[in-house]
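>>> My questions are about this predicted structure, shown below with the sequence.
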Amino acid sequence: MSTTLASESLWIATAPDSGRPPLTSDLDVDVAVLGGGMLGVSAAVLLAEAGKTVALLEMNRVGLGVTGYTSAKVTSQHQILYSQIEGRFGEDGARAYAQANEDAIERIASWAAGGIDCDFERQDAYVWTEEEGEVATLEDEHEAAHRAGLPASLVSNSPLPFPVLGALRFENQAQFHPRKFVLGMAERLEKAGGQIFEGTRATGVKDGETATVSTLGGASVRARTVILATHFPFLDRGLFFARMHAERSYCVGARLNVRPPDGMHISVESPSRSIRRYGEEWLIVGGEGHKSGQGGDTGERYERLEAYARERFDVAEIPYRWSAQDPISSDGVPFVGKIAPGSKSILTATAFGKWGLTNGVAAAVMLADRVLGRENPWASTFDSSRLKPSSDLVKENADVGVQMTKGHLTPAETRTVDDVKPGEGAIVRSGLEKVAVHRDDAGELHAVSSVCTHLYCQVAWNPAERSWDCPCHGSRFDPDGRVLEGPAVKDLEAKDVT
């Protein structure tokens, strides 16, 4: 049984809150940015400081999305990736990816130095192995990283308190506190004349020479350009769902009895382990990634991370745990550009592959350059309209077909509604249909349709986050059926099982 005390992100718990009002009247601006995470605030700041009128709409509060639930590494070292990108895009493509992410590190460093108190500090980043068979993997990645112009070197040890057989080190990388950074960027945006509206959910965008953003509250925004910075574009006119898949990853925040090791670390082995310190006593251990909706008992993943932390480090307590969901493209590179080839005014960026802090800033630069009419050297590699056939693309879409068929053919659980205990969720049969049922800790029953509103796959219960997750494309819903994450935009229908 896990002894973790709270399902809460260290980054959310240790940062001040924000409280900006929602949009209540119609607005006309040059650029509307939808989403207040790393991508959204970065693009908004770049454009506002270039003289554009900018409005940023956030459905919750800035920095409370995926940005506040990361391991918070600011690095171009993305585990084993450059050898794969080089194989798919050539040396020029790998170099473009490397340059975009290195540039992002320096921009974040400059913004932090400009007055954002976000615990920014330089650290080396390591990808390590404890298996003899993976040493050659590190060597291949080192060669690809070197050709891409990155500050990479092979080393025989690392700052970790246990032996490794080898590691690939990227020098002069960084780490920070992501929510403090985003809150600081929000203040910078407002100083540049930008407006921020929290608690404002965009429900649609009408394309055209001038776009119109509609919101749940009824107010609208007219803009020459709309940037969808919503993680997974809630308008999927580019069929991104067919070109990427969603994965969940987990972190625990441990307070140690000794100072945690320097450096940012990630293992080659699967399931991977990610390690970094925060301050003088906190250690963040992450990993246990899996396709969304296919994770089994997700609570056990936290337990495995906690056990790993206690086995490898002198742990005093583990009071924090959190998870995040990340879209991953079939070729490993994010999509940045138009929402669809024929779009006149809607831009987006997505599929950051678990490395959204640097990829998000890199995407913001590319989108800002497009709006400002400037050439960007990386744009062609990240082009959102590209379609590179690959075995991964075929495999992902085949898996969607399997999950869709499996969900509809698998019978409901044999338990009745009365058998569902407090804290549990189950797919049960009610009359002729299957219903997703959760009983909360107070004993109240929550019943919704078991069919995802995106492409009608059957959802699965996620016990750690207490959500209904779709195994096909990663949509997530709370126990009352409200959309937590796309691509779904419609809530699950409430059901009466009494």
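Arrived safely, thanks for sending.
>>> so how many other residues sit close to residue 180?
By other Cβ atoms under 10 Å, the residues close to residue 180 number 21. (Each C-beta comes from the backbone N, C-alpha and C, glycine too.)
>>> let me redo that: residue 374
Residue 374 has 12 nearby residues by other Cβ under 10 Å.
>>> I'd like the numbering to begin with 28 instead of 1 from here.
Shifting the count to begin at 28 puts that one at residue 401.
>>> And the helices in this structure?
Along the chain, counting by DSSP state H, helices occupy 37-40, 65-75, 109-140, 162-174, 205-218, 325-339, 383-398, 406-409, 418-436.
>>> Pick the most deeply packed of those helices.
helix 65-75 (a mean of 29; mean count of other Cβ atoms under 10 Å).
>>> out of everything not next to it in sequence, what's closest to residue 276?
Nearest residue to residue 276 in three dimensions, chain neighbours excluded: residue 316, at 4.4 Å (Cβ to Cβ, 6 or more residues apart in numbering).
>>> The one you found contacts residue 272, doesn't it?
No. Contact between residue 316 and residue 272 fails when scored by Cβ atoms under 8 Å: they sit 11.4 Å apart.
>>> So for these two, which sits in the more crowded spot?
Neighbours per residue, other Cβ under 10 Å: of residue 316 and residue 272, the larger number sits with residue 272, 25 against 21.
>>> can you pull the contacts of the residue positioned nearest the centre of the chain?
For the chain, the residue nearest the mean C-alpha position is residue 353 (3.9 Å; Cα atoms, centre = their mean). Residue 353 makes contact with 93, 273-276, 379-381, 383, according to Cβ atoms under 8 Å, 6 or more residues apart in numbering.
>>> repeat for residue 121
Counting by Cβ under 8 Å, 6+ apart, residue 121 makes contact with 109, 112-113, 171, 174-175.
>>> could you redo the last one with a cut-off of 6 Å?
Counting by Cβ atoms under 6 Å, 6 or more residues apart in numbering, residue 121 makes contact with 109, 112-113, 175.
>>> Show me the beta-bridge partners of residue 154.
Beta-bridge partners for residue 154, by DSSP bridges, are residue 195, residue 293.
>>> Could I get the buried residue list for the top strand by length along the chain?
The strand that spans the most residues within the chain, counting by DSSP state E, is strand 342-356. By 16 or more other Cβ atoms under 10 Å, the buried positions in strand 342-356 come out as 342, 345-356.
>>> any low-confidence regions in this structure?
For the chain, applying pLDDT under 70 flags the ranges 28-33, 264-265, 322, 415-441.
>>> Break it into its domains for me.
The chain breaks down into these domains under automatic domain parsing: 43-97+206-268+359-415, 434-512.
>>> Distance from the chain centre to the shortest one, please.
In other words, domain 434-512. 23 Å (Cα atoms, centre = their mean, to the nearest Å).
>>> Same question for the longest one.
In terms of Cα atoms, centre = their mean, the centre of domain 43-97+206-268+359-415 is found 15 Å from the chain centre.
>>> What of stretch 166-178?
Counting by Cα atoms, centre = their mean, stretch 166-178 is centred 26 Å from the centre of its parent chain.
>>> now stretch 355-366
How far stretch 355-366 lies from its chain's middle: 13 Å, per Cα atoms, centre = their mean.
>>> quick one: terminal-to-terminal distance for it?
End-to-end distance for stretch 355-366: 17 Å, by Cα to Cα, to the nearest Å.
>>> and if you look at stretch 360-371?
24 Å.
>>> tell me which residues in it are buried?
360-367, 370.
>>> hmm, who's touching stretch 163-177?
With contacts defined as Cβ under 6 Å, 6+ apart, stretch 163-177 is touched by 107, 109-110, 113, 118, 121-122, 125, 179, 181, 193, 195, 295.
>>> for stretch 479-490, that is, sorry about that
Applying Cβ under 6 Å, 6+ apart, the external contacts of stretch 479-490 come out as 320, 325-326, 430-431, 434, 452, 463, 477, 495-500, 502, 514-515, 517.
>>> Next, the buried residues of it.
Within stretch 479-490, the residues scored as buried using 16+ other Cβ under 10 Å are 479-482, 484-490.
>>> one step back: make CSV out of the contacts of residue 121 and add distance to residue 506.
As requested, these are exported to CSV (distance: Cβ to Cβ, whole Å):
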residue, distance to residue 506
109, 42
112, 40
113, 45
175, 45
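>>> with these in mind, which one is nearest to residue 282?
Nearest to residue 282, judged by Cβ to Cβ, of the contacts of residue 121 is residue 109 at 34.7 Å.
>>> Now the closest one. Nearest residue, chain neighbours left out?
Setting aside the residues directly before and after it, residue 109 is nearest to residue 171 in space (Cβ to Cβ, 6+ apart), at 4.0 Å.
>>> do you know how far that neighbour is from residue 348?
Look at residue 171 and residue 348: by Cβ to Cβ, to the nearest Å, they are 34 Å apart.
>>> go on, residue 308?
According to Cβ to Cβ, residue 308 stands 17 Å off from residue 348.
>>> repeat for residue 342
Taking Cβ to Cβ as the measure, residue 342 and residue 348 are separated by 13 Å.
>>> coming back round to it: most widely separated two among the buried residues of stretch 360-371?
Farthest pair in the buried residues of stretch 360-371 (Cβ to Cβ) is 360 and 370. Separation: 20.2 Å.
>>> rewinding a little: of the helices of the chain, which approaches residue 525 most closely?
Taking the helices of the chain one by one with Cβ to Cβ, helix 418-436 is closest: 25.0 Å.
>>> Assess the claim that residue 123 and residue 408 are in contact.
Yes. When contacts are counted by Cβ atoms under 6 Å, residue 123 is listed as touching residue 408 (4.1 Å).
>>> if we can go back for a sec, what is the residue nearest to the centre of the chain paired to in the beta sheet?
Bridge pairing for residue 353 (DSSP bridges) gives the partners residue 274.
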